[in-house]
Every structure is written in structure tokens, then in C-alpha cells.
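[1] next come a sequence and a model predicted from it.
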Amino acid sequence: MRRLIVPLVLAAGLIGVTGWMTSLGTVGIYRIPGWNEVLTATFQHMQLVLAAEGLAILIGVPIGFIVSRRGLRWIGAPLMALTNIGQTIPTLALLALTSIILGTGFRAAVVGLLIYALLPIVRNTYAGIQSVSPAVKEAAQGMGMSRWQVTSRVELPLARPVVIAGIRTSMVVNVGTAAVAGMIGGVGLGKLITVGISVNVFELVIQGAAPAAALAIVLDAILGLAERWMTPRGLRKDTLRAAKRSATPARGVTSAAP
């Protein structure tokens, strides 16, 4: 639980800033949205991020797995190249392209965020599977496991923490990127930020940016706990540190010769 103290304090501070901006009521001739509008925008923002992230996981993890297979590199290399190209396109340009093809709104924003969310997931899936020691796989094969059993019982469980770390990175980045979706008629907190920029009202921008930052911090903390929970106990840092301490002899104590 100690890991959650700092994120929760930061999130609470950002929510407090949001409440402060909301309590102003009006700034000059402009009305500041009330709590109902902010909560609705936050819920829509979360829907946007989760929809794009869910699709990115369903697409990105299989692509990362395909790229890691030697026999499938003929299709894995083009898929990786397409993923890289999608990440290099500027955010506004990508969202503009999706809005031209699909029209403005929720669907176009989800597709744009999906393209941006793929690369961290694909790369981490590939890196996680590649990081499994060949000796471990050979030992599994020596125990009589088939290729599929080695993949499902050895490679994927050991790669799981790295895959979750990629999803964690992708999720946090997408929370911020989703704010740009307000510029193509999307929903969510980006709409408040866009209105604030268009009328040059700093308080409106903060009212949209602060809850978006709080949402990113909370999601990152939750996924951090999931990452630790899905890490095999023998690979956890605290377990490894405890094992090293127990294996190190105490000062002044020398092992007796046999």
C-alpha cells in the first residue's frame, strides 16, 4: 500500500485544483463548467482511453508474438514497420486523417489512439519473449514439453511483466493523447481544454488538464500493482533482494572448512 501513497496524494492535489477552478463559476464573460460536466467529460475520457487500449492489446500482443517467432519474420517485419510508421506521424496529423476518413467524433478518436497505443505494446511483447533465456526453453523441452507448451507455460508467463509494463506505458501516454481528440470533435476532457485554448481562458484549460493528469496517475498506479502481481514471485525485486541477503554471510562469520 505504501506504493500508492504518493500517486494518491498527487491525484488528490490535482482533483483539488479541479475543484478550485470549478468553484470560480465564471471568468470574465465565460462560464466555467460545473462538476456534472467535468465528471461526464472525465467518464467519456476514460471510455475513449479504455476502448482504444483494449483494441491495442488485442492487436498489439499477437503482433509482438508474431514478430518474435523466427518462422514468421516474413510477416512480422512488415507489421513492425507499419507500427513504427503509425507512431511517427504527428498526433494532430493522424487525428486529422482519421477524422477525414471516419468523420469526427468518438470512432475517429479511438482509431487514432489505437494507432498510437500499439508500438509500446508490440515492442514490450517482443522484448519480453526474447528475454527468456534459451537455457530455460531447452530445459523445458528436455522435460518433454512441446513447442506450444514451452510457449504457453514458460515464455508467456516469464514475459508477462514486460508486456504489462508496455501496456502501462501505452495507457498513460494515451490519457494525454486523448486530450487532443477534442480538436476533432471528440468527447472527454480534451473538449474542455480545446474550448479554453480557443477563448484564451487559462482556468478552463486547467479544469480539463488537471483531471486528465489525475486519471493518468491513478491508472499508472493500478497497472503498476497489476504488473507486480503478475510478476512471478521468484522474479520480484524484493524477493531477489531477500534471497541475496540470506545468501550473504554475516560480517565476522566465516564458513568453516570441511
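    Received it, and whenever you're ready, just let me know what you need.
[2] mind listing the strands for the protein?
    For the chain, the strands defined by DSSP state E cover 26-27, 30-31.
[3] work out which residue lies at the spatial centre of this structure.
    Met171 (2.5 Å; CA atoms, centre = their mean).
[4] quick revisit: I'd like the strands of the chain as JSON lines, with mean pLDDT, distance to Val150 and mean neighbour count appended.
    For every residue, glycine as well, the C-beta is placed using N, CA and C. Putting those into JSON lines (pLDDT from 0 to 100; distance: least, CB to CB, whole Å; neighbours: other CB atoms under 10 Å) gives the following:
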{"stretch": "strand 26-27", "mean pLDDT": "84", "distance to Val150": "62", "mean neighbour count": "12"}
{"stretch": "strand 30-31", "mean pLDDT": "86", "distance to Val150": "62", "mean neighbour count": "12"}
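[5] show the average pLDDT along stretch 74-82.
    Across stretch 74-82, pLDDT averages out at 79.
[6] residues touching Ile206, list them.
    By CB atoms under 8 Å, 6 or more residues apart in numbering, the residues touching Ile206 are Val17, Thr18, Met21, Gly196.
[7] got CSV for the residues you listed, with neighbour count too?
    Converted to CSV, the contacts of Ile206 look like this (neighbours: other CB atoms under 10 Å):
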residue, neighbour count
Val17, 17
Thr18, 23
Met21, 24
Gly196, 23
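[8] so which of these are in helices?
    Members of the contacts of Ile206 lying in helices (criterion: DSSP state H): Val17, Thr18, Met21, Gly196.
[9] now those residues as TSV including pLDDT?
    Shown next, in TSV, are those (pLDDT from 0 to 100):
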residue	pLDDT
Val17	92
Thr18	91
Met21	90
Gly196	88
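[10] returning to what we had before: ok, the residue nearest to the centre of the chain - contacts?
    By CB under 8 Å, 6+ apart, the neighbours of Met171 are Val49, Glu53, Ala117, Leu219, Asp220, Leu223.
[11] just confirm Val67 contacts Ala81, I think it does.
    No. Counting by CB atoms under 8 Å, Val67 sits too far from Ala81 to count as a contact (10.4 Å).
[12] neighbour count winner among those two?
    Legend: neighbour count by other CB atoms under 10 Å for Val67 and Ala81, higher for Val67 (22 against 10).
[13] so how far is Val17 from the closest residue in space to that one that isn't next to it in sequence?
    Leaving aside its sequence neighbours, Val67 sits nearest to Gly76 (CB to CB, 6 or more residues apart in numbering; 3.7 Å). To Val17, Gly76 is 45 Å away according to CB to CB, to the nearest Å.
[14] same thing with Leu225?
    As judged by CB to CB, Leu225 and Val17 stand 25 Å apart.
[15] just Ala179 next, same as before
    For Ala179, the distance to Val17 - CB to CB - is 16 Å.
[16] same thing with Thr26?
    Taken as CB to CB, the span from Thr26 to Val17 is 18 Å.
[17] how about Val187?
    Per CB to CB, Val187 is found 22 Å from Val17.
[18] repeat for Arg228
    Taking CB to CB, one finds Arg228 at 29 Å from Val17.
[19] residue contacts, Ile15?
    When contacts are counted by CB under 8 Å, 6+ apart, Ile15 touches Ala210, Pro211, Ala214.
[20] and of these, the nearest to Gln149?
    If you rank these by distance to Gln149 using CB to CB, Ala214 comes first, at 43.6 Å.
[21] quick one, what contacts the closest one?
    Counting by CB under 8 Å, 6+ apart, Ala214 touches Leu10, Ala11, Leu14, Ile15, Thr18.
[22] how about 10 Å then?
    Contacts for Ala214 were tallied using CB atoms under 10 Å, 6 or more residues apart in numbering; they are 7-8, 10-18, 42, 175.
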